[in-house]
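> sequence first, predicted model second:
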Amino acid sequence: MEHKVTLRKIEHVNHNVLHLVTDKPKGYQFTPGQATELSIDKPGWADKKRPFTFTNLPEDKELEFTIKIYPSHNGVTEQLEKLQVGDQLLIGDAWGAIQYKGKGAFIAGGAGVTPFISILKDLKQKGELQGNQLFFSNNEERDFINKNNLEAWLGNDLHLILSEEEHSDYAHGFIDKAFLEKHNLEVSRPVYLCGPPPMMEAVEADLYKMGLPKSHLVVEE
């Protein structure tokens, strides 16, 4: 079912990531980690649907999305950056994505953190966040999404790493077996993984080398 929603707020959270807030259709439901197909209600764009994850809580009165912009594609994300409050978007029903299956480790690359934001926010509100880890890789410091919130929520259970920028405050390199072992990832618990496909393939291979059972790996469905 398609729903028309009005843009209530639009702002940059960093140099290439937008935070959108829309009204919420009556009776609309989703679970943390789920996504929807979204398009812009303008000629030539209404049928160009793209999947984006909710980054608010299900009980909130509005819907929120945290979306990475890919310039030069002349695509949907670039058009989103041109929107103004009052513009309309089209969304479908919520679907699939990542389901929380208990305490464990979240591993994200870049915008792959967005499904985890709603899950972590929900766990924090329920007082169930403690004992979860987040491993979060980006190219440069300026690419981090919601870093201040993540630091406040997770403290020492947040492990940040940069692949392209050398920075005294962060590890340098990639999320790999050595990095995961250094920070005591437990293969006896669920591991949630979301990021660019090459990163996911490499991390998945390392997790299996560490002894993670395939049944413990949770990825987008």
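On my side now, so go ahead. Residues are numbered from 1 along each chain as shown.
> just the buried residues of the lowest-mean-pLDDT helix or strand in the chain, please?
Least confident helix or strand, the chain: helix 76-80 with a mean of 92, by mean pLDDT, DSSP states H and E. Buried residues in helix 76-80, counted by 16 or more other CB atoms under 10 Å: 76-77, 79-80. Heads up, the C-betas are built off the backbone N, CA and C, glycines and all.
> and the contacts of it?
Residues from elsewhere that reach helix 76-80 (CB atoms under 8 Å, 6 or more residues apart in numbering): 18, 20, 38-40, 42, 45, 48, 50, 67-72.
> got any ranges where the chain has weak pLDDT?
72-73, 221 (pLDDT under 70).
> residue farthest from the centroid of it?
Pro43 (28.9 Å; CA atoms, centre = their mean).
> what kind of secondary structure is that one in?
Assigned with DSSP: H, G, I helix; E, B strand; the rest coil, Pro43 falls in the coil class.
> which residue ranges of this protein form helices?
Secondary structure of the chain (DSSP state H): helices at 76-80, 114-126, 147-154, 177-182, 197-209.
> got the CA positions of the biggest strand by length in the chain in CSV?
Counting by DSSP state E, the longest strand found in the chain is strand 3-14. Coordinates of each C-alpha in strand 3-14 appear next as CSV, following Å, rounded to 0.1, in the frame of the first residue of the first chain:
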residue,chain,number,x,y,z
HIS,A,3,1.2,6.4,1.5
LYS,A,4,1.7,10.1,0.8
VAL,A,5,3.7,11.9,3.6
THR,A,6,4.7,15.5,4.0
LEU,A,7,8.3,16.6,4.7
ARG,A,8,8.4,18.3,8.1
LYS,A,9,12.1,18.8,8.5
ILE,A,10,15.3,18.4,6.3
GLU,A,11,18.8,18.9,7.5
HIS,A,12,22.4,17.7,6.9
VAL,A,13,23.9,15.5,9.7
ASN,A,14,27.3,15.6,7.9
